[in-house]
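Participant: could you work out the structure for the sequence below:
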Amino acid sequence: MRKLKFHEKKLLKKVNFLEWKKEGGQREALVMRRYHITGRDDYKKYSVLCGVVTKLVNILKQIDPKDPFRVEMTDRLLEKLYNIGVIPTKKSLALCDKLSVSSFCRRRLATVLVRLHFCESLKEAVTYIEQGHIRVGPDTVTDPAFLVTRPLEDFVTWVDTSKIRKNMLQYNERLDDYDLLN
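Facilitator: Residues are numbered from 1 along each chain as shown. This is a model prediction of the structure:
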């Protein structure tokens, strides 16, 4: 192995190879750990979505508030973001300005399962989803990054053939005799 020259040592002191300026750094790692995001691509996609919404809001703010185009586009944007579930109300564009990656992470299926008390931790929720124990509506979902919209939130449930569902029904003494045959 060759010995480093003086100017190479000096350069290595100045450059941090673990954290780049354009990346999220600590914030990115914190959000990924908190919401148990396994793929960095998911974080990047949410970050890009936040950037697009922020740009759109800035463009809309430059237009006259009484302009019918601005009113219609603002209503559409607020309606869409509210239905997805990333903003709490459809009141103003100020809510869209505060949009963050965490807003999208809170709508992931694993996070929704924990909030609905299907399981105790995000890791457990991700395991259940990947094993195929959860369905949204009629479809079994195996992707923990699935975004659950407000209307779909009511249709998150266990798959009919799930052993976890069977054990829970048995524990709560709600298991039907017909279910025992299957």
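
Participant: domains of this structure?
Facilitator: As recorded under automatic domain parsing, the domains making up the chain are 26-105, 115-181.

Participant: what about the first one, start to end distance?
Facilitator: The distance separating the two terminal residues of domain 26-105, taken as Cα to Cα, to the nearest Å, comes to 17 Å.

Participant: packing partners for the lengthiest helix in the chain?
Facilitator: The longest helix of the chain (DSSP state H) is helix 40-62. When contacts are defined as 3 or more Cβ pairs under 8 Å, 6 or more residues apart in numbering; DSSP states H and E, helix 40-62 sits against helix 26-34, helix 68-84, helix 94-97, helix 101-105. The way it works is simple: take the backbone N, C-alpha and C, and place the C-beta from them, glycine included.

Participant: and the contacts of stretch 81-92?
Facilitator: Residues from elsewhere that reach stretch 81-92 (Cβ atoms under 8 Å, 6 or more residues apart in numbering): 53, 75, 78-79, 95-96, 99, 103-104, 106-107, 147-151, 153.

Participant: OK, contacts around the spatially most central residue of the chain?
Facilitator: Among the residues of the chain, the one closest to the centroid is residue 105, at 2.3 Å (Cα atoms, centre = their mean). Contacts for residue 105 (Cβ under 8 Å, 6+ apart) come out as 31, 34, 35, 37, 46, 111.

Participant: swap the cut-off to 6 Å and go again
Facilitator: residue 35 (Cβ atoms under 6 Å, 6 or more residues apart in numbering).

Participant: related to what we said a few turns ago, now render the helices and strands packed on helix 40-62 as CSV, adding distance to residue 62.
Facilitator: Formatted as CSV, these follow (distance: least, Cβ to Cβ, whole Å):
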stretch, distance to residue 62
helix 26-34, 28
helix 68-84, 9
helix 94-97, 14
helix 101-105, 24
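
Participant: closest to residue 127 out of the ones you listed?
Facilitator: The minimum distance between residue 127 and the helices and strands packed on helix 40-62 falls on helix 26-34, with 16.6 Å, by Cβ to Cβ.

Participant: any idea how far residue 174 is from residue 165?
Facilitator: 11 Å (Cβ to Cβ, to the nearest Å).

Participant: sorry, wrong one. I was asking about residue 53.
Facilitator: Distance from residue 53 to residue 174, by Cβ to Cβ: 43 Å.

Participant: please say which of those two ends up with more neighbours.
Facilitator: Relative neighbour count places residue 53 above the other of residue 53 and residue 174, with 20 against 9, counting by other Cβ atoms under 10 Å.

Participant: pretty sure the more buried one sits against residue 99.
Facilitator: Yes: with contact defined as Cβ atoms under 6 Å, residue 53 reaches residue 99; the gap is 5.3 Å.

Participant: residues near the spatially closest residue to residue 28 that is not a sequence neighbour, how many?
Facilitator: Spatial nearest neighbour of residue 28, chain neighbours left out: residue 43 (6.0 Å); criterion: Cβ to Cβ, 6 or more residues apart in numbering. For residue 43, the count of nearby residues is 20 (other Cβ under 10 Å).
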